[in-house]
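Asks: What shape does this take:
(chains A and B)
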Protein chains: 2
Amino acid sequence: MLDIAPSQQAAAWLGSFGRALEAGDIEAVANLFVEDCYWRDLLTFTWNIKTMEGQPAIRDMLKSTLSTARPSQWRLAGEASVDGGLIEAWFSFETVVARGEGIVRLKDGRCRTLFTAMSELKGFEEQKGPARPLGIRHKADPDRETWAEARAREARDLGVREQPYCLVIGGGQGGIMLGARLRQLGVPAIIIEKNARPGDSWRNRYRSLVLHDPVWYDHLPYIPFPENWPVFTPKDKMGDWLEMYARVMELNYWVATKCVSASYDEAEQVWTVVVDRVGQRITLKPKHIVFATGAYGPPRRIDLPGAEAFKGEILHSSQYSSGEKFRDKRVAVIGAASSGHDVSVDLWESGAKVTMVQRSPTTVVKSDTLMEVGFEIFSEKALARGISTDKADMIVASTPFALVPKGQRALYDVIRKRDAEFYDRLRASGFAIDFGEDETGLLMKAYRTGSGFYIDVGACELIINGEIGVRSGAGIKWLTPSGILFDDGSELAVDAIVSCTGYQSMNETVATIVSREVADKVGPCWGLGSGVKGDPGPWQGELRNMWKPTAQEALWFHGGNLALSRFYSKYVAMQIKARMEGIATPVYGEPSNSGR
Amino acid sequence: MLDIAPSQQAAAWLGSFGRALEAGDIEAVANLFVEDCYWRDLLTFTWNIKTMEGQPAIRDMLKSTLSTARPSQWRLAGEASVDGGLIEAWFSFETVVARGEGIVRLKDGRCRTLFTAMSELKGFEEQKGPARPLGIRHKADPDRETWAEARAREARDLGVREQPYCLVIGGGQGGIMLGARLRQLGVPAIIIEKNARPGDSWRNRYRSLVLHDPVWYDHLPYIPFPENWPVFTPKDKMGDWLEMYARVMELNYWVATKCVSASYDEAEQVWTVVVDRVGQRITLKPKHIVFATGAYGPPRRIDLPGAEAFKGEILHSSQYSSGEKFRDKRVAVIGAASSGHDVSVDLWESGAKVTMVQRSPTTVVKSDTLMEVGFEIFSEKALARGISTDKADMIVASTPFALVPKGQRALYDVIRKRDAEFYDRLRASGFAIDFGEDETGLLMKAYRTGSGFYIDVGACELIINGEIGVRSGAGIKWLTPSGILFDDGSELAVDAIVSCTGYQSMNETVATIVSREVADKVGPCWGLGSGVKGDPGPWQGELRNMWKPTAQEALWFHGGNLALSRFYSKYVAMQIKARMEGIATPVYGEPSNSGR
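Replies: Numbering: from 1, shown residues only, chains lettered A, B, ... in the order given. Prediction:
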């Protein structure tokens, strides 16, 4: 079969696959996959974000879903290609209620990985391009309501006379992108944000912060950054962009609003949410609530014995915004991941004498290196090859999580060689480096624990040169009035301590707003159950609780960096829209916390 | 020669053309054109916006410019096509100082029309795509100035400690787009705007206003409207877009600022401009000033004998923003062009009894019709054929003004037939219709006089049904205390009069800010010198004074609808940038007012 052109092979496979599905012949479908196979589905069959690993899992899934989904119209999209012995082909298809798209990778004529993702709900397509709204009835009308009047009425009535179908808690990048998607789908939604302006979640961070990811990876949906946008966006510029985006996308965005409490009436299937809007208590009755409160939950404060004796200031990185007051002061930064490095540099730039206290090894990658070898499909070169950000998103999503470590290990073999001299110098400074328990590097740490890594945008040179000190290897015994006493008996005299010790899981935010019971029922967010330290289990082939149904009906989590928020906001919005329109959404698979 | 493929013919012509230019053989160049030929140039040869009509004009131009421009590298861009017996080909080329692009149309192997346009200045290319700025130096730096700090410093210092190279007077769509272009080229510029916020020039207009042109024609540079943007943008939504655009494009945009006076020091080659910024007088010293005060100048108020006797209110359309106070009042709207119709509908929607007083016939086209037959290359269908807005702009610009009427006449033959019944019904209501003195319709009226036309978005049906009355054919004799007395002795009793009588030429704004002398030296803006009533002459093959050097050094005019502002802002910005960088810009051709 290998002498046939890739597109013909792919078409043949897709044809067999489509016919077997149509015939309801689940055994025939399963036989089209190799033994070590993966099928990742975003909503089309499962109304879930779910990866089936192996033929038995695929069989089980189809037994539950096939008669409802009734997929058809499987068609290749473009020409297939060959990469690493696998044939890769993009395709489109339909279910009863939706249109879908996907990517299949074939090995010797059988499927190694299949990715299916919902594109749009039939009858509820976004109004764009040729289907964009007209914006005016071309007719004089004494009862005309202008656009401005309609917007003002909506802003006045929603949450007062009319209830939002969905409440998004948190108006950072995640909440804003989800809000934009929901609006395009006609889902009445309110986004509440504790800060005074959209974008403040970026503006309020430390002075020198600039995005570590490049522009091609950071686009928002609908309005991509312009061609003149810098590769690395400064935090305040990002704030301005988010502010204008929320405005022109016509979001119902409530500033200076905090969520006080939320409880779900299982019988009535409605939430009662109390919010504090600029000091005024308002009760909302949404059908769904989405926690978009940031990739992480509340700050994780570590226990520092003797803290009450320490004479200086102790603060968490979330409270740190400027190093100005630490000029000429000795500051210990506890934690050596991203915020630990960024805060250390910010302090050093402000004239503080900084010592980083490293409690466990850090995965470090030079930004330039990551740009070149890690962000290959999010780049100007990729664009020139026709790989838009949307396509790159699909490519990333098409790889099942189980197979990501292998590619990442190979990547870090390259990176370690490439930057060997850099790593030697950094180690020589006393800084402890690792690439994760299984040598898979930064991305896997981000997925599994969200901690323990740093993209080097300048701190490492300061550490290497000794401008920023490092204490690594010794545990903190207790604080003395004048500094830190370590396990090995050594002391570090400091005037202040900044804890860059990360954040708790997002479900801790649920505990503070809904209840401990619901937070525990839902369980932690993020993590893959890989078995490495700090990664909540069990293994389910997907990130826990993110962007998909949870153990609590009508409670959702949305978030992640700009790229994840961009991509998955589409699927969160479609899940909520389908429920609003009364489309049957039978969820296949247990929620994340079921295995605990 | 006609049996050769179009691209080969075009390549052959371009090759001969390039060789003849390189050899300095002007006679050979001229012989490559048919007798009835046109060459429109934007800056590349002429540092002007100039159309050479016929071989002698081309010869004269080349004699003056060829040795300086030294063009080379003429290359076809894509495949040539055939349309109406002409071969059309796109190409690129270079001069000593710039890169250019263009379109040639060949008839029997010789050139009928040539269009050459500057794309970018060598060494001063915009930083975009692969050349976009990095946005950060990846290095810790104790002297770091963040993006927010740099922007704040610039906003504080520009116009105070540092002088802008260019001052743009007027911050509507034209000023904003030009400001964005200048910023991308690194030209220090301030845009001053009398209103409180960017976008107010739209927001402050009458309540029901919605753009008459479709979205594909209205894009701003750098950040196109998103796919979900409505076809026809409501005025307040446009205001919001402009406001966010000015913000994210980082314009130095001074709100609540009026230009009090400006005078040019010919010896020092610098302007002294006094502005009133939120009540504070500030003197600026820019090298160039650009009037971007709107497509038109001050309101044109007509003389109404007996106005002092009339008991009701008389206002100009520029003062009209809402019909609310005219409910159940009888109102005469004088003028039957765009604003006359829009104001009439707005009044009718507010419950006024409206009579439109038509002083001369109006060119009317139904909006739907214009969308289908007139905006063919600015549409979703055109996009599907690969004609982006940028390409469509080039296509429009490539047709010399002398040839536009022919195409427009043909278009109106189609329109008149298509909507014959509509026109009959409208005429039957007493409304006078024309299609211009030479039957060329709306676009030519817009270019020549900027008046006398209406794109029907609903008013005509009200006129046909008698909901809005029409008085046509009789002149206004004088006003009585209670209404209007016409030449034919008839009277119209009204409670108020709204003059929708248009605006004076932009150079009248120059008279109020600089001097009458400079305004007269420069002469009127717009108009083609076609010989029709109201079109200032003489014929120069181009619009008068717009986007190009004027009779007053360092004084420029910029404006037009969104499409013209988008396209020509690029060339205004490059002309100013070239002067800032000391690039020789020998202007070929006399300024617009020379023939007066």
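Asks: In terms of helix, strand or coil, where does the residue of the stretch 51-200 of chain A found nearest chain B fall?
Replies: The minimum distance from the stretch 51-200 of chain A to chain B, using Cβ to the nearest Cβ, falls at A:Gly135 (2.6 Å). Heads up, the C-betas are built off the backbone N, CA and C, glycines and all. Classification of A:Gly135 using DSSP: H, G, I helix; E, B strand; the rest coil returns coil.
Asks: check contacts around the residue nearest to it when sequence neighbours are not counted.
Replies: Closest residue in space to A:Gly135, ignoring its immediate chain neighbours: B:Pro230 at 2.6 Å, by Cβ to Cβ, 6 or more residues apart in numbering or on different chains. Taking Cβ atoms under 8 Å, 6 or more residues apart in numbering or on different chains, we find B:Pro230 in contact with A:132-136, B:215, B:237.
Asks: Scan those and report the most crowded one.
Replies: Highest neighbour count within the contacts of B:Pro230, by other Cβ atoms under 10 Å in any protein chain shown: B:Lys237, with 25 neighbours.
Asks: That one contacts A:Trp147, doesn't it?
Replies: Yes - using Cβ atoms under 8 Å, B:Lys237 is in contact with A:Trp147, at 5.4 Å.
Asks: what residues are shared contacts of the two?
Replies: Common neighbours of B:Lys237 and A:Trp147 (Cβ under 8 Å, 6+ apart) are A:Gly135.
Asks: picking up where we left off before, quick one: which of the contacts of B:Pro230 is nearest B:Thr362?
Replies: Closest approach between the contacts of B:Pro230 and B:Thr362, by Cβ to Cβ: A:Ile136, at 21.2 Å.
Asks: That closest one is in contact with B:Lys237, isn't it?
Replies: No - look at A:Ile136 against B:Lys237 with Cβ under 8 Å: they stay out of range, at 10.6 Å.
Asks: Confirm the residue nearest to A:Gly135 sits in a helix?
Replies: No - counting by three-state DSSP, one finds B:Pro230 to be coil, located in no helix.
Asks: gap between it and B:Leu211?
Replies: According to Cβ to Cβ, to the nearest Å, B:Pro230 stands 9 Å off from B:Leu211.
Asks: Find the nearest non-adjacent residue to A:Ile223, please.
Replies: A:Ile223 sits nearest to B:Pro226 (Cβ to Cβ, 6+ apart), 5.0 Å away.
Asks: contacting residues for the one you found?
Replies: By Cβ under 8 Å, 6+ apart, the contact set of B:Pro226 is A:128, A:222-223.
Asks: Only the buried subset of those, as a ChimeraX command please.
Replies: Buried residues within these, by 16 or more other Cβ atoms under 10 Å in any protein chain shown, are selected in ChimeraX with:
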select /A:222,223
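Asks: Would you format the contacts of B:Pro226 as TSV with secondary structure and pLDDT included?
Replies: What follows is the contacts of B:Pro226, written out as TSV (DSSP: H, G, I helix; E, B strand; the rest coil; pLDDT from 0 to 100):
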residue	secondary structure	pLDDT
A:Lys128	coil	93
A:Tyr222	coil	97
A:Ile223	coil	97
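Asks: Same list (the contacts of B:Pro226) but as TSV, adding distance to A:Ile576.
Replies: Shown next, in TSV, are the contacts of B:Pro226 (distance: Cβ to Cβ, whole Å):
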residue	distance to A:Ile576
A:Lys128	19
A:Tyr222	18
A:Ile223	22
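Asks: quick check, nearest of the contacts of B:Pro226 to A:Ile169?
Replies: For the contacts of B:Pro226, the nearest to A:Ile169 is A:Tyr222 (22.2 Å; Cβ to Cβ).
Asks: tell me which parts of the stretch 251-400 of chain A are close to chain B?
Replies: A:345, A:348-351, A:367-368, A:380, A:383 (Cβ under 8 Å from any Cβ of the partner chain).
Asks: Below-threshold pLDDT in chain A: ranges please.
Replies: A:1-3, A:137-138, A:295-296, A:595-596 (pLDDT under 70).
Asks: For the lengthiest strand in it, which helices and strands make contact with it?
Replies: Taking DSSP state E as the criterion, chain A has its longest strand at strand A:110-121. When contacts are defined as 3 or more Cβ pairs under 8 Å, 6 or more residues apart in numbering or on different chains; DSSP states H and E, strand A:110-121 packs onto helix A:6-22, strand A:33-42, strand A:86-94, strand A:98-107, helix A:389-398, helix A:562-580.
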